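K.L.:
I need the structure of the sequence given here:
(2 chains)
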Amino acid sequence: MTVSPTPSIGARDDTGQGNSPVTKTPAYTAFRTDQVADLQVIEKRLDANGLPILGHPPGLSTRLVGKTGAQVLIQMLAEHGVTDIFGYPGGVVLPIFDALYDADVNFYLVRHEQGAGHMADGYARATGKPGIVIVTSGPGATNTVTALGTAYMDSIPMIVFSGQVRTYAIGNDAFQEADVTGIVRPVTKRAYLVKNVRDLPRVINEAFVIATTGRPGPVLVDLPVDVATARIDEAVDDTPCLPGYKPRVLGHSKMTRSAADMINASKRPVLYVGGGAVLANAWKEVRELADKSNIPCTTTLLGVGAFDENDPRSLHMLGMHGSAYANYAVQEADCLIAVGARFDDRVTGNLKMFAPKAKVIHIDIDPSSISKNVKVDIPVVGDARLCLRDIIQHIQYVERSEWLGQVAKWKKHYPFTYRNDGPLAKPQSIIEAINKVTQGKAVFSTGVGQHQMWAAQYIRWSQPRSMISSGGLGTMGFGLPSAIGAQVGRPGELVIDIDGDSSFVMCPQELATVAQYKLPVKIAILNNHFQGMVRQWQQLFYQSRFSHTEMVNPDFAKMAEAYGVKGIRCTKKEDVHKAVEELIQHPGPCLLDCFCEANENVFPMVPSGKALHEMNFGEAAHAAPPPNTARELGTLA
Amino acid sequence: MRHVISALVMNEPGVLAHVAGMFSARGFNIDSLVVGRTEDPSLSRMTIVVNADERILEQVRKQLAKIVTVVKVRDYKDLPFVERDMALIKVSTTLGKRGEIVELTQLFRGNIVDVGPSTVMVQLSGEEEKIDAFIELVRPYGIKELARTGVIAMPRGSSTVSVPEEEVGGGGVGPKRERIAKPPARTENERREPTQEELESTPPG
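P.N.:
Numbers count the residues shown, from 1 in each chain, chains lettered A, B, ... in the order given. Prediction:
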């Protein structure tokens, strides 16, 4: 492919510290997929105790005297380094939107508050900075619930500021009133209702502390309109007051030492890296541990990119639709090193038969993750990056040629495969084309379903924070808005939403946001006119009774054109590569509606209730039958 | 197995809902939950009785501690402690057996707090089993109404489930943050080897 040699405008600076501000009408830029700047480890600004250094030194301050609640909010967001906000106005947030009118911040007007939440989420995943949302009361706030749930399950730092009716009207069933703090409590780390403007500065600081530290997560701040208009009349103390909040940062030295000893003594270790390693910016340390001790490394869906998949030791993704070699390796491992992963049921398969031979080391910042699903032998509670650093100090080089040889053999025998036959393009081939054209060097977001799994399988992930996907909650419709958020956070980089037709139509209205802010997001829809993953389960487990899973879709290309976004429709197998090139090379936003085979299933698949090694390979032709692992590994003992 | 857990929580709206919601969302059963004020007006104490095995108990403890507004959690698993439940029981005396009920109440060291023409109200406190036993004894006379507080508990001796001075600064994020920088004063208890539970839940000493 040909790419313009012009450096993209607004590309990330090499320090990775800040993003060049997005101008509201940026010139479209061409992408150099060969020169995407390496994401530098974003050094979190933490004090000696691992707490974030707040925007303005906390304490008794007069700087906010005379300001309204709305002005305090906008000023403090700026102090916290917020450059981008997503949201939608409404009656009771008018004071805040009035303060936004001449604020020096990029505001992105969405078309549905769920989109705002997912955009903030995608922004946070792509940059490591908390995503900020401002919405109105009642329906505005309740529309963010799915987005909060998505961020909560995947531990994404995000703060939603919602409007609320006047404090004296709360509880009176006022117009657009909802008990928002009550509704969102189970899907937030903390939900605040601010009843006095003097509490607001402290609450904003607490929101940033809670959202970004420990196991990150979403926080909601509900702001009644009279609090937003009330003025602060005297010096206020904005020091966070969280006596019960004790995120542990440094792992216990005794535990890191025993973890290192166990790794040194192990014969068949496997690194199992999850989203927590990405959140903790720990990919360099993961790499160092794998290098220093020669450990094969598998990642979860949210962990992809934390370890370069082009490395021979990479086992790619594990779990229900993970690689056979990752699953075999986990089942045969004598030491499983979990880093920021939570032993989700989609990863472990049948818990009783998960990693039966392994001693488990679990590095996680959340104590409640330890031994929740799988009994852990050595818990290391703390920041993944700092804990790994401590462990690496005590690691000795081990050759492990036998174990790595076995892993290589599995990799050779059980690659991800599919039959590229039939009249229509196979969905996997579309992902392969995207991988080829981009060389895997882009930020990818996905919806949820078959296309998500194929993206995880067939993109060769090499860069951290390049996979933006709803793992825990599995939120369909996440792809487009999260891609928008990622594009806002990383202007000048190539951002591609790999979506399914059914997922895409759950939040397609954000095409208008794409058009309004001229964000050069690329959208590739794998269109099989079905809810593919549900169809797959109906075929495999419900005797092909396809109950309400067939979709009659609009012409997505025309739909995009109607929004002012370039649309391409590709219905022929032989046009796929060309269409993907056209999509990627188009300088502005572009949507590719790519027809594909509907009867294709995602394999390998660990049926629910089965152990990881009991995979269904489907029709895929394999060079070798499933191994008798006990026999094959007998030689290794 | 029956466990008594004590949780110090911030005295704020929504905290009880959060704790109750966590229990129902995770499918933990509560036998009783009592909330009341403590010596510190900014804190409330919840005493929770759960019936659970060791694994569930550990999850309950950790999930409680994870809630931002929960300041401290302690289960009384390996600790001698005093627990008290209190009951008000209105017993029918229509059969002219008031004397027997008064006698039973005295035997259980309870008090008669109200006397009506055909009822007496008994106030009784003690461990749950004691109250259960009393209820069974007076049931034949006819219980008109019954109210119980649920269990509150406190460890024996000098150990406490409150927030020691050093920990207010050393543990959480709080107004006494300047204390964080200083090495927190070590107490006698912290010099021993940490237990597994402590390694997983406490901040570095």
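
K.L.:
residues near the nearest residue to residue A:324 once chain neighbours are set aside, how many?
P.N.:
In space, residue A:324 comes closest to residue A:414 once its chain neighbours are excluded; the distance is 3.6 Å by CB to CB, 6 or more residues apart in numbering or on different chains. C-beta here means a position set from N, CA and C on the backbone, and glycine is covered the same way. The tally of other residues near residue A:414 (other CB atoms under 10 Å in any protein chain shown) stands at 23.

K.L.:
Residue A:414 contacts residue A:327, doesn't it?
P.N.:
No. If you go by CB atoms under 8 Å, residue A:414 and residue A:327 don't touch, sitting 9.2 Å apart.

K.L.:
what's the overlap in contacts for those two?
P.N.:
Residues touching both residue A:414 and residue A:327 (CB atoms under 8 Å, 6 or more residues apart in numbering or on different chains) are residue A:604.

K.L.:
so which strand or helix has residue A:210?
P.N.:
helix A:200-212 (DSSP states H and E).

K.L.:
right, and the helix or strand after that helix?
P.N.:
Counting by DSSP H and E, the element after helix A:200-212 in chain order, helix or strand, is strand A:218-224.

K.L.:
so what strands line up beside that following strand?
P.N.:
When pairing is defined by DSSP bridges, strand A:218-224 lines up against strand A:158-164 (parallel), strand A:190-193 (parallel).

K.L.:
Determine which stretch of the ones you listed is the most buried.
P.N.:
Ranked by mean neighbour count, the strands paired with strand A:218-224 are led by strand A:158-164 with a mean of 29 (mean count of other CB atoms under 10 Å in any protein chain shown).

K.L.:
quick one, it and helix A:200-212 angle?
P.N.:
If you take axes from the mean of the first three to the mean of the last three CA atoms, to 10 degrees, strand A:158-164 sits at 140 degrees to helix A:200-212.

K.L.:
pLDDT on strand A:158-164, on average?
P.N.:
When pLDDT is averaged over strand A:158-164, the result is 98.

K.L.:
picking up where we left off before, point out the one among the strands paired with strand A:218-224 that comes closest to residue A:108.
P.N.:
Closest to residue A:108 of the strands paired with strand A:218-224 is strand A:158-164 (CB to CB; 14.4 Å).

K.L.:
Quick one: distance of the helix or strand immediately after the closest one in the chain to the chain centre.
P.N.:
Scanning forward in sequence from strand A:158-164 by DSSP H and E, the next helix or strand is helix A:180-184. Helix A:180-184 sits 24 Å away from the centroid of its parent chain (CA atoms, centre = their mean, to the nearest Å).

K.L.:
What helices and strands are in contact with helix A:180-184?
P.N.:
helix A:139-142, helix A:145-153, strand A:158-164, strand A:190-193, strand A:218-224 (3 or more CB pairs under 8 Å, 6 or more residues apart in numbering or on different chains; DSSP states H and E).

K.L.:
Can you list the buried residues in the longest helix belonging to chain B?
P.N.:
The longest helix of chain B (DSSP state H) is helix B:54-66. Across helix B:54-66, burial judged by 16 or more other CB atoms under 10 Å in any protein chain shown covers B:56-66.

K.L.:
What's opposite the residue nearest the centre of chain A in the beta bridge?
P.N.:
Closest residue to the average C-alpha location of chain A: residue A:468 at 4.0 Å, with CA atoms, centre = their mean. For residue A:468, the beta-bridge partners are residue A:445 (DSSP bridges).

K.L.:
Below-threshold pLDDT in the chain: ranges please.
P.N.:
Just so you know, I chose chain A. A:1-54, A:619-637 (pLDDT under 70).

K.L.:
other chain: chain B
P.N.:
Looking at chain B by pLDDT under 70, you get B:95, B:163-205.

K.L.:
quick one, phi psi at the nearest residue to residue A:182 once chain neighbours are set aside?
P.N.:
With CB to CB, 6+ apart as the criterion, residue A:182 has its nearest non-adjacent residue at 6.6 Å, and that residue is residue B:17. Torsion angles at residue B:17 (phi, psi; degrees, to the nearest 10) stand at phi -60, psi -40.

K.L.:
Could you report the neighbour count for residue B:17?
P.N.:
14.
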